[in-house]
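Undergrad: what's the 3D shape of this:
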Amino acid sequence: MTQTSARWAMTTIRAAAKQALRIVFVTAALPLLAGCLTVEPQPLWTFDLPSAYRAAPKGAAAQAAPPRPGWWRSFRSSELTRLMEDAEADNFDIAVAVARIIQADAQAQVAGAPLLPVVDLNASASRSQSSLATGTGDVVGGRRQRQLFSASLTASYEIDFWGKNRAALAAAQGTAVAARFNRDVVRLSTLASVANAYLQVLAAQDRLRIARENVASATRILGVIRERLKVGTVSDLDIAQQESLLATQKASIPQLEQTRQQTITVLAVLIGRPPESVDIRGGSMGRVAIPRVTPGLPSELLIQRPDIQLAEANLASASANVYAARAAFFPSIQLTAEGGYQSAALKTLFTPQAAFYSVAAGLTQPIFDGYRLQGQLKLQRGLEHELLETYRKSVVSAFSDVESALIAVRQTAERERLLRDAVASSRRAFDLSETRLREGTIDLVTLLNAQQTLFQNQDALSQARLLRLQAIVSLYQALGGGWEPHIESRRHAR
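TA: Predicted structure coming up:
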């Protein structure tokens, strides 16, 4: 194709397209401008935000600060940090959420395609042969051959005069944004689950250690009682009672060991590994630091909690879908054009006289479709209202989660302190009882009560420590994890 002929063809197509566009707007679009689609403003929902968290410790407002990224490092456990990093890299749920982001981005790309013209290249070559025959079928002449070569471009474009396609793109983009916030929700939930599972492993190890120490103590006491039996100062009943206490302590060990092993299995799934390859050294909850969490302003939750951001993105996508459903009531304006060359001889295919073109413009106005469009609009409005209420609930729930976590942090700390005092007192009582047993100046019933009280208080203290650490994890989760304050301030500025 020569440059002159190509310019001539393109000029002809553009001129025809402009003329068709004028015809469409003059005959159809202009009379409808009075009823052009307008976007109703979305209601602005305001919330009565408190100036500070009610359950926050006194003086916390002056020290308020949002948690930093990598909040789990506040526990000062290198093993927990390693598990968190493994979960971020290999957790299956996080990987699924990332795959959904890819799908949502692809859907947004598909939704944006109608905003651009569709151009196709068509090329064909054909050759046919016919015979010259009489009415009876006898051939009286030679054969006739015909060949045809064609090359053309076909373009079509829908004028998005009412914004239907732009609204569909906005809805798809909102879904893509929501997919990213959903990944953040999954990530935060997964990391909190990893932290809780690791702490449960440590608690099981502590309780196992306590149970074994109690078995050793009960065994030692049983030996003393048997020595006293030889001299006739105790009875077989005293031996049986101590043996019963010893057997009860031994019976608690398999259950604790089962809890430890099963929790490690759960932890292995969270970090994406087979249970056989996971070895948790752990140690003791006493080696885990107690982080001091000072929540920032309550309003920061609105831009930090990923579940709130997810609800907001879903609401924005639903609003765009309502706009697209309303735009479907208005005419659809379609332009099509085809231009190229057609010739019976290949050597003359790209000559000016072989050029052809066609331009068409169409307008489609829905008249009656069995109320399908009305149903679609009602459906999208209902979904928008549902997501609006979901968004409002997520905001209120966020404040409730933080308040509940703060209450749990305070009360579990107080419970741990009281149980620590109880363990110290029961330990002293047990030591005194054992000493007097050796001296032969104590009733064995008192000794048994002292043993049982000490064993129960030790186990309760271990569980209280676990609940306190898990309450701190819940507080981090309620606050949306950790984030950089200066990044959020820039978001506020926008």
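
Undergrad: and Arg292, that one's in a helix?
TA: No. Going by DSSP: H, G, I helix; E, B strand; the rest coil, the assignment for Arg292 is coil, not a helix.

Undergrad: Run through the strands of the chain in chain order.
TA: 118-133, 139-159, 332-343, 355-364 (DSSP state E).

Undergrad: Need these in CSV (columns: mean pLDDT, distance to Ala55 and mean neighbour count).
TA: (C-beta placed from N, C-alpha, C; glycine too.) As requested, the strands of the chain are exported to CSV (pLDDT from 0 to 100; distance: least, Cβ to Cβ, whole Å; neighbours: other Cβ atoms under 10 Å):
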stretch, mean pLDDT, distance to Ala55, mean neighbour count
strand 118-133, 82, 59, 10
strand 139-159, 79, 56, 14
strand 332-343, 88, 57, 18
strand 355-364, 87, 60, 16
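
Undergrad: Between the ones you listed, which one is closest to Arg220.
TA: Set against Arg220 and scored by Cβ to Cβ, those come closest in strand 118-133, at 87.4 Å.

Undergrad: Direction included, what does the closest one pair up with?
TA: If you go by DSSP bridges, strand 118-133 pairs up with strand 139-159 (antiparallel).

Undergrad: how big is the angle separating the partner strand from strand 355-364?
TA: In terms of direction (axes from the mean of the first three to the mean of the last three Cα atoms, to 10 degrees), strand 139-159 departs from strand 355-364 by 50 degrees.

Undergrad: when you compare where strand 139-159 runs with where strand 332-343 runs, what's the angle?
TA: Using the same axes, to 10 degrees, strand 139-159 lies at 150 degrees relative to strand 332-343.

Undergrad: Quick check: the residue nearest in space to the middle of the chain vs Thr390, distance?
TA: Centroid-nearest residue in the chain, with Cα atoms, centre = their mean: Asn182, separated by 2.5 Å. In this view, Asn182 and Thr390 are 13 Å apart by Cβ to Cβ, to the nearest Å.

Undergrad: before we move on, what about Arg207?
TA: From Arg207 to Thr390 the distance is 41 Å (Cβ to Cβ).

Undergrad: the more surrounded of the two?
TA: More crowded of Arg207 and Thr390, by other Cβ atoms under 10 Å: Arg207, with 24 against 17.

Undergrad: hang on, that one packs against Asp459?
TA: Yes. Using Cβ atoms under 8 Å, Arg207 is in contact with Asp459, at 5.9 Å.

Undergrad: so can I have a markdown table of the strands of the chain showing distance to Leu479?
TA: Output for those, formatted as a markdown table (distance: least, Cβ to Cβ, whole Å):
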| stretch | distance to Leu479 |
| --- | --- |
| strand 118-133 | 49 |
| strand 139-159 | 47 |
| strand 332-343 | 49 |
| strand 355-364 | 52 |
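
Undergrad: To Gly223, which of the ones you listed lies closest?
TA: Among these, strand 118-133 comes nearest to Gly223, with 91.3 Å by Cβ to Cβ.

Undergrad: can I have the closest one written out in CSV, keeping just the CAs?
TA: Taking Å, rounded to 0.1, in the frame of the first residue of the first chain, the C-alpha atoms of strand 118-133 are listed here in CSV:
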residue,chain,number,x,y,z
VAL,A,118,-12.2,-2.6,18.7
VAL,A,119,-10.0,-2.9,15.6
ASP,A,120,-9.8,-6.2,13.6
LEU,A,121,-7.7,-7.0,10.6
ASN,A,122,-9.4,-9.1,7.9
ALA,A,123,-7.6,-10.7,5.0
SER,A,124,-8.9,-13.3,2.6
ALA,A,125,-8.1,-14.9,-0.8
SER,A,126,-10.5,-17.1,-2.8
ARG,A,127,-10.5,-18.8,-6.1
SER,A,128,-13.5,-20.4,-7.8
GLN,A,129,-14.2,-22.2,-11.0
SER,A,130,-17.5,-22.7,-12.8
SER,A,131,-18.5,-24.5,-16.0
LEU,A,132,-20.4,-23.4,-19.0
ALA,A,133,-23.2,-25.9,-19.7
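
Undergrad: just how off-centre is that strand within its chain?
TA: 55 Å (Cα atoms, centre = their mean, to the nearest Å).

Undergrad: Can you report how many residues lie near Thr435?
TA: 11.

Undergrad: so Ser346 touches Ser150, yeah?
TA: Actually, residue 346 is Leu rather than Ser. No. Using Cβ under 8 Å, Leu346 is not in contact with Ser150, being 10.8 Å away.

Undergrad: and for the two, which residues touch both?
TA: Ala125 (Cβ atoms under 8 Å, 6 or more residues apart in numbering).

Undergrad: before we move on, the earlier item: spell out which residues are contacts of both of Arg207 and Asp459.
TA: By Cβ under 8 Å, 6+ apart, no residue touches both Arg207 and Asp459.

Undergrad: Tell me how far the residue nearest to the centre of the chain lies from Gly481.
TA: Asn182 is 15 Å from Gly481, by Cβ to Cβ.

Undergrad: can you check Thr248 too?
TA: In terms of Cβ to Cβ, Thr248 sits 43 Å off from Gly481.

Undergrad: That'll do, ta.
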